[in-house]
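>>> coordinates only, sequence not included:
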DNA sequence: TTGTCTCCCAGGGGGAGACAA
DNA sequence: TTGTCTCCCCCTGGGAGACAA
């Protein structure tokens, strides 16, 4: 069937191991999102995580959830691994993080220099455009903003009349899409024609969703420039759907129990972070957390003592700011 | 967009409370599936439940899961509620069950007569047909097996030439679909033409999936007969997709922790049963379980004593048979 | 009885510039 | 600069019987 076949080109060797392009992930996640660096220490907030899961399952966090006395309101972990993914159905980006709870002794270690903030690599040559009614209509293609086309697309040969080329772009699942890029009309403008409507219906895009285009350099390969594409869905009022696998209560319990079990046994646990689903982060770099708690710069040595002296106070709601 | 609009008729007042037609649910679930009766006592098998969730999340049950010493391998519960549902995306049927763990005293109560087996109501006037390549091709409609059309569809007026009518059917989400039903061709046969291709693309049906048609009588309403329709998807090798909400480990932990917590606090918990996803049931009528354990009929009074004397033996694997 | 093919033809929609915001 | 409209025409795909499994 047309819609279940994905893309027109060769299928990507899809594997969950395959980590998608970091710049593309950030371009789709939005400029406000940054992920903690692998190897650094982070603070994990079970309640913030609960709120994301509750928001995703359209469920209020209620009182049916048992208390986990072993589970503190924030858990200091080492970030063992971060992988970037995109939902198979919706292309929405999310991150999978492996968190290793730290023993009190490990927590007392001084900061590594790298923990003081290497921001995630933000994309440079990219654009996004919110799709108009004309972009998603059955008549005609996608109107590319002029600056975007000039910055991100390969340059057209203006000696041709009209100037046109075939664009090949790969999406978040590494599937190839082809578009005819033409510069025509009166006045002249950049358009994507052939291939665009297939993309719109395959991705089920509607006016209000956004198209993300990104130019990346793979210097280590022979292929120099590569065009990537992604989407940002409009925040629709009712995107959430019932799970049909596990009750939302069990999910919320599972989240807490998994963290509590990992903390008790000093073993790794895994969380999914969906930057566009939840209003608040729940995995924060420890350095950022410490700064936020004290609102001031203090010497490295004293941070931890003060942190633990104050952790019973109001800092618990940090993630919700 | 065409594919996100569902059906052509009025949207149903969709609510999760709304329980779909029991006969339609069973027609889609298949003849082997029957659900325990509300109010009766059932046996819940955490391990069988784990296997379903693991199968759904494409995850093997491994050793990362902590033991729950409070949680027995089977839990005797009263079935507080059963509601039948269909997945919003795929139309696959599943059941939501509320289970109330029973105290040892409650377990000792004698059987109620109704517990000795009222089977779920199986559909009578229904048919299903596995879709052929022609059924799902872009050229032409759906070839209705003759007996099916005669049994389930309203009779055609054969004085017309050709005999034809408009069929109105409601799907698992109570959304209305319209089809032109015509009897034509040489030799004559029943066909669904106009409306069929919209249905195929909206439900994303492919050859190998099955169409389910059902005629029901609503005697309590004025409308006498109603046509319902459903889908059985072909079991595809790779239907499962990563969750992006909660790690499969956390889900498996959550399932066990929720059951253990419910058993400890004597409170209700909720499970989803997907009859087509898992190879084994994990909520069994207590009467059926007792019969299976003893392979023989014994008097009502002695059942429970013997049950508890033997429960440490091999009955644990009952659900996987 | 029904799955597949081919043929026919109408309508949907892609691709173009016009025009205005 | 770019969103929407309309127009034109091609080609996809609904709908029919033929034919054979």
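Yep, it's here. No experiment lies behind these values; they were computed from the predicted model shown.

>>> so is stretch A:42-61 next to chain B?
Yes. Applying C-beta under 8 Å from any C-beta of the partner chain, one finds stretch A:42-61 in contact with chain B at A:53, A:56-57. In this view, the C-beta of every residue, glycine as well, is placed from N, C-alpha and C.

>>> okay, the residues you listed in CSV with distance to DNA strand C and neighbour count next?
Conversion of these to CSV gives the following (distance: C-beta to the nearest atom of the strand, whole Å; neighbours: other C-beta atoms under 10 Å in any protein chain shown):
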residue, distance to DNA strand C, neighbour count
A:53, 38, 26
A:56, 33, 22
A:57, 35, 20
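
>>> could I get those as JSON lines with pLDDT and secondary structure?
Formatted as JSON lines, these follow (pLDDT from 0 to 100; DSSP: H, G, I helix; E, B strand; the rest coil):
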{"residue": "A:53", "pLDDT": "89", "secondary structure": "helix"}
{"residue": "A:56", "pLDDT": "82", "secondary structure": "helix"}
{"residue": "A:57", "pLDDT": "80", "secondary structure": "coil"}
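
>>> of all the residues you listed, which comes closest to residue B:273?
Relative to residue B:273, the closest of the residues of stretch A:42-61 next to chain B is residue A:57; by C-beta to C-beta it sits at 17.9 Å.

>>> that closest one against residue A:245, yeah?
No. Assessed by C-beta atoms under 8 Å, residue A:57 is found out of contact with residue A:245, at 10.4 Å.

>>> ok, residue A:142 - how many residues close by?
Using other C-beta atoms under 10 Å in any protein chain shown, residue A:142 has 23 neighbouring residues.

>>> thinking again about what came up before, out of the residues of stretch A:42-61 next to chain B, who's nearest chain B?
Nearest to chain B out of the residues of stretch A:42-61 next to chain B is residue A:56 (C-beta to the nearest C-beta; 5.0 Å).

>>> setting aside sequence neighbours, what's the nearest residue to the closest one?
residue B:245 (5.0 Å; C-beta to C-beta, 6 or more residues apart in numbering or on different chains).

>>> also residue A:189?
In this structure, residue A:189 finds its nearest non-sequential neighbour in residue A:143, 6.2 Å apart by C-beta to C-beta, 6+ apart.

>>> what residues does the stretch 51-200 of chain A put near chain B?
So the stretch 51-200 of chain A meets chain B at A:53, A:56-57, A:64, A:66, A:85, A:87-89, A:92, A:94, A:96, A:136, A:200 (C-beta under 8 Å from any C-beta).

>>> go on, the stretch 201-321 of chain A?
With C-beta under 8 Å from any C-beta as the criterion, the stretch 201-321 of chain A meets chain B at residues A:201, A:204-206, A:241-247, A:249-255, A:257-258, A:261, A:265, A:267, A:269-272, A:274.

>>> which ones among those residues lie within helices?
Using DSSP state H, A:201, A:249-255, A:257-258, A:261, A:265 are the members of these that sit in helices.

>>> low-confidence ranges in the stretch 1-150 of chain A?
Applying pLDDT under 70 to the stretch 1-150 of chain A picks out residues A:1-19, A:61-64, A:69, A:109-120.

>>> from the residues of the stretch 201-321 of chain A next to chain B, which would you call buried?
A:201, A:204-206, A:242-247, A:249-255, A:257-258, A:261, A:269-272, A:274 (16 or more other C-beta atoms under 10 Å in any protein chain shown).

>>> which parts of chain A sit against DNA strand D?
Contact residues, chain A versus DNA strand D (C-beta under 7 Å from any atom of the strand): A:2, A:132-135, A:139-140, A:143, A:145-147, A:185, A:187-190.

>>> cutoff 10 Å now
Counting by C-beta under 10 Å from any atom of the strand, chain A comes close to DNA strand D at A:2, A:127, A:129-150, A:185-191, A:207.

>>> and those residues near DNA strand C, which?
A:134, A:136-141, A:143, A:185-189, A:191.

>>> where along the stretch 151-300 of chain A do the strands fall?
A:164-170, A:176-184, A:189-192, A:210-217, A:225-232, A:269-273, A:283-285 (DSSP state E, counting those that start in this stretch).

>>> what's the first one in contact with?
By C-beta atoms under 8 Å, 6 or more residues apart in numbering or on different chains, the surrounding residues in contact with strand A:164-170 are A:9, A:12, A:153-154, A:156-157, A:176-184, A:192, A:213, A:226-229.

>>> can you select the buried ones from these in ChimeraX?
Those of these that count as buried under 16+ other C-beta under 10 Å are selected in ChimeraX with:
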select /A:153,156,177,179,181,182,183,192,213,227,228,229
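
>>> closest one of the ones next to DNA strand C among the residues of chain A next to DNA strand D to residue B:35?
residue A:136 (42.8 Å).

>>> OK, contacts around the residue nearest to that closest one when sequence neighbours are not counted?
Spatially, and ignoring its direct neighbours in sequence, residue A:136 is nearest to residue A:207 (4.9 Å; C-beta to C-beta, 6+ apart). Neighbour list for residue A:207: A:131-133, A:135-136 [criterion: C-beta under 8 Å, 6+ apart].

>>> can I get those in JSON lines with neighbour count and secondary structure?
Listed next are those as JSON lines, based on neighbours: other C-beta atoms under 10 Å in any protein chain shown; DSSP: H, G, I helix; E, B strand; the rest coil:
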{"residue": "A:131", "neighbour count": "20", "secondary structure": "coil"}
{"residue": "A:132", "neighbour count": "12", "secondary structure": "coil"}
{"residue": "A:133", "neighbour count": "9", "secondary structure": "helix"}
{"residue": "A:135", "neighbour count": "21", "secondary structure": "helix"}
{"residue": "A:136", "neighbour count": "18", "secondary structure": "helix"}
